[in-house]
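[1] Make a model of this:
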Amino acid sequence: LDVFDLEVGSENPDDVIKFCQLLEPTVGGINLEDIRAPDCFYIEETLRKTMRIPIFHDDQHGTAIISGAALLNALEIVGKKIEKVRVVFSGAGAAAISTAEHYVRLGVPRENILLTDRRGVIYEGRPGEIDPYKAKFANKTKARTIADALVGADVFVGLSVAGAITGEMIAKMAKKPIIFALANPEPEILPDQVRAVRSDAIIATGRSDFPNQVNNVLGFPFIFRGALDARATQVNEDMKMAATQALASLAKEDVPESVSRLYGLRSVKFGPDYLIPFPFDPRVLLWVAPAVAWAAVASGVAKARGIMRGIINRAVRDPKRIVFPEGEEPKIIRAARMIVDEGIGSPVLLGQRGTIERIAEENHISLRDILIDDPATSGRRDKYADYLWQRRQRKGLSHGEAHQLLFNGNYFGSVMVACGDADALLSGVGMHYPETIRPALQVIGAHPKAEIVSGLYMLVFEKHVIFCGDTTVNIDPTAEQLAQIAYSAGRIVRTFGITPKIAMLSFSNFGSVRHPEAEKVATAVAILRKRDPALVVDGEMQADTAMDENILRSAYPFSILKERANVLIFPNLSAGNIAYKLLHHLGGATTIGPILLGMNLPVHVLEQGADVQDIVNMAAVAVIDAQQRINERKSP
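    A predicted model of the protein is given here:
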């Protein structure tokens, strides 16, 4: 991130607001610092309502997000349910109130939280003036001091001053207490003082010389990276929650030796002394930023042109091996270079090594970290021929013919994926669609649960994204096939972090025309609802109904679809293919696809003539598809 520090020579909140508003055309986002409560709440709330760039008050939200991750993991270790714990805060400033609100969103009941300030516990009916932000935590309680509040409490969160609590108070907390003493530079109570009275406690501080450092550097740089990548208009609660969940999940991953050595440790494992990642663990960027970007997309605050960046970021988190049968194509070689440089995956180019090296040299493209395999001379030929023959021997294929087919890069690449030597295949930039898909269907085939294969396009407009299917494969699908097309589309859209809202399109609106074509679509809707009741899908409906919320609300208030659809399923291939091409050429949409749905393994087709960025985008889609399938196989 490019950052510059600006000081505002005023303590008037309205001056700060005006200053920030004037910066909007120049900066991508604003991180607020050192603003006291309750002014900080007023400033941030006003800016979020009036500006279209991310605004983030780190003093409030940084501690909330990071300590929230520590809380989730600490509760898992001690075996307590978040909805049952009692939490006591020392301090009621910006950080404390924001952290308490974040804990509520994580699952702590509001009535189970007590805030304390200089006057003691904030309780219902306390004399004197209380600002509305503190008032939200004015619960019914007999506790009047922090010592009273800590009796039987499960969690202590200190955001106040050194020495705010004593060992005697800690001793009276519940079994396996969680102590977050986060005041800096001196915590509310030192870890040694806690351990002197409670050996069963889990402790975190804000200091680097103790385990479990809650440091805001784990938060705002990566939150802004994700927000900027998604072109988000704000940092909302979903994005903050995503950051918390990402940090909590990363702490459970194996810690690389390079990170352990950075902190002078031989090994590190998830447990009481390692609740959250180290502040300078380089993996945090690859976990938090994509999670935040995806949350921006899923919650509707990402600008459409940022969605592809979010997809690429997610691919980077767990790169996969992508085989390109058209390895001698200059555009493929150039795209492979970009795929390596961006960390999306490990490309494998199929073709004659000498030809690929010559083209790369002529175009000044480095082949560093790009693998080359020539189907004509590969050491895998015998193994792959055996596999292909076993697969197709009852389809009239001889062993010799299997050897011959492997000179075709699409057959070779498909077998490579089938044998686990590559994770995904991407082809089609220089050939017709059937030439690309036929070898993959013969070698890999459709997924047993999918029965059919279909094609989906992502169309990215300036302010929104829609998915169109089937646009490439099934000429006149049956009702059952339409339901499968919609189901597969919903699955991949969810994989992208977007909640699918599916419209099954026709020339009829909910039975307005009695015709077999319209009834086919209505039947498909019924089949799909039975298969996946949680899926938001409706139809049959006309295209303008699907895209206009006013029509849905006024004419069809009974529709399950309450918002504009983002997935359009067409009744036949003519409608789908024509529509997506018109949207591309007349509507100015950027097209990403075709995304091949229903295959047993990740195989995707490039548009004939696709440019380099199109290839890179589809590589990211293929990697995410591979990631999802691997995760599904790991799930019980």
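[2] quick one: the closest residue to L247 other than its chain neighbours from L275, how far?
    Leaving out its chain neighbours, the residue that sits closest to L247 by Cβ to Cβ, 6 or more residues apart in numbering is A69, at 3.7 Å. C-beta here means a position set from N, CA and C on the backbone, and glycine is covered the same way. As for A69, its distance to L275 is 8 Å (criterion: Cβ to Cβ, to the nearest Å).
[3] any shared contact partners between those two?
    Common neighbours of A69 and L275 (criterion: Cβ atoms under 8 Å, 6 or more residues apart in numbering): A251.
[4] Could I get the contacting residues of the spatially most central residue of the chain?
    In the chain, the residue lying closest to the centroid (Cα atoms, centre = their mean) is W294, at 3.5 Å. The neighbours of W294, taking Cβ under 8 Å, 6+ apart as the test, are 230, 242, 310, 314, 496-497.
[5] Let's see that with 6 Å instead.
    Contact analysis of W294 by Cβ atoms under 6 Å, 6 or more residues apart in numbering lists 310, 497.
[6] Kindly list the longest helix within this protein.
    In the chain, assigned by DSSP state H, the helix with the most residues is helix 612-634.
[7] any idea of the mean pLDDT for it?
    The predicted model assigns helix 612-634 a mean pLDDT of 89.
[8] From the chain's centroid, how far away is that helix?
    Relative to the centre of its chain, helix 612-634 is centred 13 Å away, using Cα atoms, centre = their mean, to the nearest Å.
[9] Please write out the alpha-carbon positions of that helix in PDB.
    Output of helix 612-634 as PDB, limited to C-alpha atoms (Å, rounded to 0.1, in the frame of the first residue of the first chain):
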ATOM      1  CA  VAL A 612      -3.700 -12.500 -22.400                       C
ATOM      2  CA  GLN A 613      -5.700 -11.000 -19.500                       C
ATOM      3  CA  ASP A 614      -8.600 -13.200 -20.300                       C
ATOM      4  CA  ILE A 615      -6.400 -16.200 -20.100                       C
ATOM      5  CA  VAL A 616      -5.000 -15.100 -16.700                       C
ATOM      6  CA  ASN A 617      -8.500 -14.500 -15.400                       C
ATOM      7  CA  MET A 618      -9.600 -17.900 -16.400                       C
ATOM      8  CA  ALA A 619      -6.500 -19.400 -14.900                       C
ATOM      9  CA  ALA A 620      -7.600 -17.900 -11.500                       C
ATOM     10  CA  VAL A 621     -11.100 -19.300 -12.000                       C
ATOM     11  CA  ALA A 622      -9.600 -22.700 -12.700                       C
ATOM     12  CA  VAL A 623      -7.400 -22.500  -9.600                       C
ATOM     13  CA  ILE A 624     -10.400 -21.600  -7.400                       C
ATOM     14  CA  ASP A 625     -12.300 -24.500  -8.900                       C
ATOM     15  CA  ALA A 626      -9.500 -26.900  -8.100                       C
ATOM     16  CA  GLN A 627      -9.200 -25.500  -4.500                       C
ATOM     17  CA  GLN A 628     -12.900 -26.000  -3.900                       C
ATOM     18  CA  ARG A 629     -12.800 -29.600  -5.200                       C
ATOM     19  CA  ILE A 630      -9.800 -30.500  -3.100                       C
ATOM     20  CA  ASN A 631     -11.500 -29.000   0.000                       C
ATOM     21  CA  GLU A 632     -14.700 -31.000  -0.700                       C
ATOM     22  CA  ARG A 633     -12.700 -34.200  -1.000                       C
ATOM     23  CA  LYS A 634     -11.100 -33.500   2.400                       C
END
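[10] ok, and what's touching it?
    308, 311-312, 314-315, 318, 320, 322, 331, 334-335, 338-339, 344-345, 423-424, 426, 495, 592, 595, 602, 604, 606.
[11] Same question for stretch 127-136.
    38, 41, 92, 97, 122.
[12] what do you get if the cut-off is 7 Å, keeping everything else the same?
    Under the criterion Cβ atoms under 7 Å, 6 or more residues apart in numbering, residues 37-38, 41, 92, 97, 115, 122, 138 lie in contact with stretch 127-136.
[13] so where's the stretch 251-400 of the chain uncertain?
    Scanning the stretch 251-400 of the chain for pLDDT under 70 picks out the ranges 304-306.
[14] cutoff 80 now
    262-267, 297-300, 302-310 (pLDDT under 80).
[15] how about the strands in it?
    320-324, 345-350, 371-373 (DSSP state E, counting those that start in this stretch).
[16] CSV for the ones you listed, including distance to E188 and mean neighbour count?
    Below are the strands of the stretch 251-400 of the chain laid out as CSV (distance: least, Cβ to Cβ, whole Å; neighbours: other Cβ atoms under 10 Å):
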stretch, distance to E188, mean neighbour count
strand 320-324, 46, 25
strand 345-350, 47, 24
strand 371-373, 55, 19
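[17] Which one of those lies nearest to I502?
    strand 320-324 (27.8 Å; Cβ to Cβ).
[18] What pairs with the closest one, parallel or antiparallel?
    Note on strand 320-324: by DSSP bridges, its sheet partners are strand 345-350 (parallel), strand 424-427 (parallel).
[19] CA atoms only: put stretch 589-604 into CSV for me.
    Presented in CSV, the C-alpha positions along stretch 589-604 are these (Å, rounded to 0.1, in the frame of the first residue of the first chain):
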residue,chain,number,x,y,z
ALA,A,589,-19.7,-6.0,-20.2
THR,A,590,-16.3,-7.7,-19.7
THR,A,591,-16.8,-11.4,-20.2
ILE,A,592,-15.0,-14.1,-18.2
GLY,A,593,-15.6,-17.6,-19.4
PRO,A,594,-16.8,-20.0,-20.5
ILE,A,595,-16.6,-21.6,-17.1
LEU,A,596,-17.2,-25.3,-17.7
LEU,A,597,-19.6,-26.7,-15.2
GLY,A,598,-20.3,-30.3,-14.3
MET,A,599,-16.9,-31.8,-15.2
ASN,A,600,-15.5,-34.5,-12.9
LEU,A,601,-12.2,-32.5,-12.6
PRO,A,602,-11.3,-28.9,-13.3
VAL,A,603,-11.4,-28.3,-17.1
HIS,A,604,-12.1,-24.9,-18.5
